[in-house]
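Asks: here's a sequence, model it:
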Amino acid sequence: MAHLEGYVSHIRYHNDENGYTVLELETTHGDEILVGTFHYIDEGEYLAAEVEFTDHPVHGPQYQVSSYQVKKPETRAAMERYLSSGAIKGIGAALAKRIMKKFRDKTFQIIEEEPERLAEVKGISLKKAMDIAVQFQEKQDVRQAMMFLSDYGVTGAYAVKIYEEYGEDMYTVLRTNPYRLAEDIQGIGFKAADAIAARVGIAPDSDFRICAAVLYVLQQGLAAGHVFLPRDILCRNAGQLLAIDPEGVEDHLLELVLDKKLMIRKLGEEERVYLSSFYFLERNTARMLEELSVHFPENAASFDILMEELADEMDIEMDDLQKEAVRKTMEGGLVVITGGPGTGKTTTINLMIHCFEKEGMEILLAAPTGRAAKRMTEATGYEAKTIHRLLEVSGGLEDKASSHFDRNEDNPLEADVVIVDEMSMVDIQLMNSLLRALVPGTRLILVGDSNQLPSVGPGNVLKDIIDSGVFPVVKLTRIYRQEESSQIVLNAHRINRGEQINLDNQNRDFFFFQKEGIRPVMGALIYLVKTRLPEYLAIDPFEVQVLTPMRKGELGVTHLNEVLQYYLNPASETKAERETHHTVFREGDKVMQIKNNYKLPWRILNEKGFTLEEGLGVFNGDLGVIRQINSFSEKMTVVFDENRQVEYSFSGLDELELAYAITIHKSQGSEYPAVVMPLLTGPQVLCNRNLLYTGVTRAQRCAAIVGRQAMVEQMIANGTEQKRYSGLKDCLREEGGGL
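Replies: Below you'll find the model as predicted:
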């Protein structure tokens with residue numbers, strides 16, 4: 001065992017998750033390579049470490065750190081070295097030299113106790129002086145916090161997130177209620193918080209722990225799409241989590257109700273347990289939908305004449321269902337238009353737009369995602385926005401939907417008609433926010449395919465509205481002649497009807513490759529994505545999207561992304577990388593945002609680098625490409641659709657994942673030039689007709705399935721859908737809106 005001291009001159013590698021670090025230490029005897037676990041370390045800091053020499057077969061001589069201490073710089077040279085290192089943003093070598101020349105041995109004392117005096121140095125304003133002092137103090141505070149958290153088994157990126165969330169209140173939170181971490185910190189679940197609670201000394205049978213578990217199980221239910229959980233399922237799941245009998249959980253529900261954290265609603269024999277905020281969210285959504293359901297009398301004769309005029313103007317052939325859909329939107333305040341691919345939903349939207357324009361009405365178009373809004377714009381010729389941009393998203397936390405948008409009941413949208421496409425993607429929170437921005441008398445037209453998978457977020461909004469029977473619904477069924485050559489469209493409808501499809505490859509846009517076993521499937525998939533489909537369609541490999549039913553397993557999202565990254569964007573000396581949470585991000589990678597972040601700023605730049613537009617908000621399912629990874633600033637730049645550039649701090653990379661392959665569920669609302677689906681095996685509850693239908697309908701020009709024909713046939717035959725607990729349908733029936 002040896003002792004080394006010196007300056008950290010360069011951090012070669014740092015893993016946010018586990019703190020594993022490779023750094024260069026400048027000592028009086030020369031530069032040395034140190035390897036070890038560092039909870040928090042900066043370039044320019046003075047390090048004293050106990051080390052053991054090793055000779056790595058690949059990386060050569062280096063020292064393994066067993067323990068270390070970061071020392072506060074005490075000599076003038078050490079102080080200047082630290083200030084020059086870049087640890088304090090805004091201070092370079094020249095400015096550090098001027099500061100040291102002015103204050104000498106008292107430099108750090110001045111920064112801590114009289115920071116305003118830094119303004120006496122040329123080049124430092126009073127504002128900059130205070131900023132330097134804040135950064136200096138934060139560095140010390142963060143290091144102290146990291147060491148404190150490490151005592152409780154929390155290290156790396158999660159420790160940084162905890163400190164960023166609570167600041168100095170972190171110490172109180174951990175000692176009194178560590179279960180708050182599971183509620184407030186993305187990525188920290190109940191089990192991690194429970195482990196901390198055990199170290200703090202909270203008893204396993206404490207009321208505190210049981211109540212925290214109940215809230216956590218309901219939060220997990222929201223993540224799975226459930227707005228509520230039946231009482232028996234909630235108590236069973238919480239009991240399993242706590243390793244206690246469900247009866248031990250039952251006794252604490254009333255306590256949480258009295259604390260206004262839960263609401264329990266009985267419907268028939270079922271008791272539904274909600275987080276209070278979602279109970280009122282659902283009830284208010286039903287009330288506002290009912291308030292929009294008003295009747296506008298129309299003259300039947302004049303409407304028929306208008307339809308004939310529009311058919312001539314637009315040179316289209318309308319069927320009776322399309323005319324009925326337009327008639328209902330002219331007569332009613334809330335109408336649902338649903339239908340599968342190729343059934344004329346876009347044509348119907350265009351007809352409605354022309355009708356409302358002739359009436360001199362103000363029309364707004366919206367869709368849940370940027371891609372869906374772009375398609376709507378291209379199909380109609382009118383600007384469509386994402387619902388978030390339509391409502392003018394502002395900073396806010398994900399679980400407080402009511403604070404996200406500037407458009408609300410106090411500042412409603414100025415429109416006579418709002419048309420929303422891809423409604424199957426809209427969850428209960430987003431629907432509530434949209435309705436709050438509409439005044440009674442505004443026509444709301446909801447367009448979507450009710451046979452697709454429900455929204456990623458909680459709720460089953462489109463299906464509940466349709467199944468309630470409260471509002472007018474028009475289901476378009478005719479497949480138009482111009483679409484008959486598309487096997488994608490025809491097969492999608494066959495799948496939806498539970499009919500087996502022809503997989504003989506005797507067509508131009510729907511292909512099947514029979515493969516048995518993981519390796520043959522993987523080989524065919526790589527060939528299709530990298531070579532065959534890009535050549536066939538004259539597109540980039542990044543435009544071919546792999547969709548899979550599962551996240552885990554050899555053909556799940558995680559493993560497929562590792563393999564596809566290797567073939568489509570291999571490691572290179574010219575491409576910077578960053579590893580975090582077992583994922584290597586590389587410049588040029590295709591990535592996806594996996595949670596709503598209403599506070600994340602974006603901007604669109606012109607060719608000269610000037611900002612053309614800027615705003616807030618990046619949302620679950622947004623796809624982008626990594627443009628730059630900057631290890632010095634610890635920032636990663638991602639370019640999303642519409643050329644929106646977003647900067648992520650390294651501590652925020654858990655909001656992203658590789659997106660060469662994504663789950664079919666995550667593909668909702670998006671379409672891709674080509675889709676490849678590996679279907680070999682999978683759980684029956686997941687691999688159903690609904691899932692296959694959604695995957696196939698994501699393809700614009702080509703759909704390819706690789707795997708077993710028997711698996712495709714099983715999915716088509718499996719008409720069961722995963723149960724989703726949502727009470728909007730019942731709330732609507734109670735509100736009693738009329739047709």
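Asks: how deep is the closest residue to residue 394 other than its chain neighbours tucked in, by neighbour count?
Replies: Using CB to CB, 6 or more residues apart in numbering and skipping residues adjacent in sequence, the residue nearest residue 394 is residue 406, 5.3 Å away. Backbone N, C-alpha and C define where each C-beta goes, glycine included. The number of residues packed near residue 406 is 11, by other CB atoms under 10 Å.
Asks: and residue 406, what does it touch?
Replies: With contact set as CB atoms under 8 Å, 6 or more residues apart in numbering, residue 406 has these partners: 391-394.
Asks: redo these as a markdown table? Include pLDDT.
Replies: Formatted as a markdown table, those follow (pLDDT from 0 to 100):
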| residue | pLDDT |
| --- | --- |
| 391 | 93 |
| 392 | 90 |
| 393 | 82 |
| 394 | 74 |
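Asks: of the residues you listed, grab the buried ones for PyMOL.
Replies: Per 16 or more other CB atoms under 10 Å, the buried members of the contacts of residue 406 correspond to this PyMOL selection:
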select buried, resi 391+392+393
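Asks: switch the contacts of residue 406 over to JSON lines; also include secondary structure and distance to residue 607.
Replies: Listed next are the contacts of residue 406 as JSON lines, based on DSSP: H, G, I helix; E, B strand; the rest coil; distance: CB to CB, whole Å:
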{"residue": "391", "secondary structure": "coil", "distance to residue 607": "31"}
{"residue": "392", "secondary structure": "coil", "distance to residue 607": "28"}
{"residue": "393", "secondary structure": "strand", "distance to residue 607": "27"}
{"residue": "394", "secondary structure": "coil", "distance to residue 607": "30"}
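Asks: now do the buried residues in stretch 380-394.
Replies: 380, 384-393.
Asks: how about the CA coordinates for the host helix or strand of residue 519, as PDB?
Replies: Element membership for residue 519, per DSSP states H and E: helix 518-527. Taking C-alpha atoms only, helix 518-527 is exported to PDB below (Å, rounded to 0.1, in the frame of the first residue of the first chain):
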ATOM      1  CA  ILE A 518     -32.600 -16.200 -31.800                       C
ATOM      2  CA  ARG A 519     -29.500 -16.100 -34.000                       C
ATOM      3  CA  PRO A 520     -31.300 -16.500 -37.300                       C
ATOM      4  CA  VAL A 521     -33.800 -13.900 -36.300                       C
ATOM      5  CA  MET A 522     -31.100 -11.500 -35.200                       C
ATOM      6  CA  GLY A 523     -29.100 -12.000 -38.400                       C
ATOM      7  CA  ALA A 524     -32.100 -11.400 -40.700                       C
ATOM      8  CA  LEU A 525     -33.100  -8.300 -38.700                       C
ATOM      9  CA  ILE A 526     -29.700  -6.700 -38.900                       C
ATOM     10  CA  TYR A 527     -29.600  -7.400 -42.700                       C
END
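Asks: thinking again about what came up before, which of the buried residues of stretch 380-394 fall in helices?
Replies: The helices, defined by DSSP state H, take in 380, 387-390 from the buried residues of stretch 380-394.
Asks: of all pairs in these, which one is the farthest apart?
Replies: The distance between the two most remote of these (CB to CB) is 19.6 Å, for 380 and 388.
Asks: got the buried residues of stretch 380-394 as CSV, with distance to residue 116 columns?
Replies: Conversion of those to CSV gives the following (distance: CB to CB, whole Å):
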residue, distance to residue 116
380, 59
384, 53
385, 47
386, 46
387, 48
388, 43
389, 43
390, 47
391, 44
392, 40
393, 39
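Asks: and these, which two are the farthest apart?
Replies: So, the buried residues of stretch 380-394 by CB to CB: farthest apart are 380 and 393, at 22.9 Å.
Asks: in the stretch 201-350 of the chain, where is pLDDT below threshold?
Replies: The stretch 201-350 of the chain contains residues with pLDDT under 70 at 298-301.
Asks: from residue 38, how far off is the nearest residue to residue 37 once chain neighbours are set aside?
Replies: Residue nearest to residue 37 in three dimensions, not counting chain neighbours: residue 19, with 4.5 Å by CB to CB, 6+ apart. Computed with CB to CB, to the nearest Å, the distance linking residue 19 and residue 38 is 6 Å.
Asks: so which of the ones in helices among the buried residues of stretch 380-394 comes closest to residue 622?
Replies: Checking these against residue 622 with CB to CB, the nearest one is residue 388 at 10.4 Å.
Asks: ok, that closest one touching residue 620?
Replies: No: in this structure residue 388 lies outside contact range of residue 620 using CB atoms under 8 Å: 10.8 Å.
Asks: need the residues that contact stretch 704-716.
Replies: 495, 498-501, 503, 510-516, 521, 524-525, 528, 533, 674-682, 684, 687-689, 691-692.
Asks: PyMOL command to pick out the buried ones of the residues you listed?
Replies: With 16+ other CB under 10 Å as the criterion, this PyMOL line picks the buried residues out of the contacts of stretch 704-716:
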select buried, resi 495+501+503+510+511+512+513+515+521+524+525+528+533+674+675+676+677+678+679+680+681+682+687+688+689+691+692
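Asks: give me the subset of the contacts of stretch 704-716 lying in helices.
Replies: 495, 521, 524-525, 533, 689, 691-692.
Asks: possible to save those as a markdown table with distance to residue 2?
Replies: Below are the ones in helices among the contacts of stretch 704-716 laid out as a markdown table (distance: CB to CB, whole Å):
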| residue | distance to residue 2 |
| --- | --- |
| 495 | 68 |
| 521 | 52 |
| 524 | 55 |
| 525 | 51 |
| 533 | 57 |
| 689 | 66 |
| 691 | 59 |
| 692 | 62 |
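Asks: tell me the one among those residues nearest to residue 25.
Replies: Among those, and counting by CB to CB, the member closest to residue 25 is residue 525, at 45.7 Å.
Asks: give the contact list for the closest one.
Replies: With contacts defined as CB under 8 Å, 6+ apart, the neighbours of residue 525 are 546, 560, 676, 678, 706.
Asks: and with 7 Å instead?
Replies: Counting by CB atoms under 7 Å, 6 or more residues apart in numbering, residue 525 touches 546, 676, 678, 706.
Asks: cool, and residue 529?
Replies: Counted by CB under 7 Å, 6+ apart, residue 529 has contacts 541, 544, 546, 564, 676.
Asks: kindly recompute the last result at 8 Å.
Replies: Listed by CB under 8 Å, 6+ apart, the contact partners of residue 529 are 541, 544, 546, 564, 567-568, 660, 676.
Asks: alright, I will stop here.
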